[in-house]
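>>> sequence unknown, structure follows:
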């Protein structure tokens, strides 16, 4: 996805504890960076997790994660996690993510979350407030399915 398709970016600095014996970021840590990016995306659009979610009677569960490694990050690198919503389904939301060092793409990926009811953890419709917030925030088109 082109860099200019992302409205949202969050900066992080690679910490020593995130490295493997090769001196590069240990591969599962990129999923942690993705998680931070999604959490900060929600904050940026006014849907702070978990409060805004619980107030709507929902939570989310990650059901799919895809990661493509292009180049490694190293200790003390300043990296940016870019995130955008590609699709909002009836009960799910798909994020596209990119991790960059400057303009160099290091990692790209996709996370799919399903919304669930707090009461029984069964799939629940994406609350309208989240749909509106995402669609108002994103500048690029978001694929959507009807809420009902």
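Cool, got the structure. Keep in mind it's a predicted model, so treat the numbers as computed, not measured.

>>> residue 109 touches residue 35, doesn't it?
No - between residue 109 and residue 35 there is no contact under C-beta atoms under 8 Å: 11.2 Å. Yep, even glycine has a C-beta here, placed from its N, CA and C like the rest.

>>> tell me which of these two has more neighbours.
Neighbour count, other C-beta atoms under 10 Å: between residue 109 and residue 35, residue 109 has more, with 19 against 15.

>>> how far off centre is the longest strand along the chain?
Ranked by residue count, the top strand of the chain under DSSP state E comes out as strand 104-117. Its chain's C-alpha centre and that of strand 104-117 lie 5 Å apart, by C-alpha atoms, centre = their mean, to the nearest Å.

>>> contacts for that strand, please.
Strand 104-117 is contacted from outside by 1, 30, 33-34, 38, 57-73, 79, 86, 91-100, 122-127, using C-beta atoms under 8 Å, 6 or more residues apart in numbering.

>>> 7 Å instead?
Residues outside strand 104-117 that contact it (C-beta atoms under 7 Å, 6 or more residues apart in numbering): 30, 34, 38, 57-73, 79, 91-100, 122-126.

>>> the following helix or strand past it vs strand 104-117, what angle?
Toward the C-terminus, strand 104-117 is succeeded by helix 128-137 as the next helix or strand (DSSP states H and E). Helix 128-137 runs at 160 degrees relative to strand 104-117, counting by axes from the mean of the first three to the mean of the last three C-alpha atoms, to 10 degrees.
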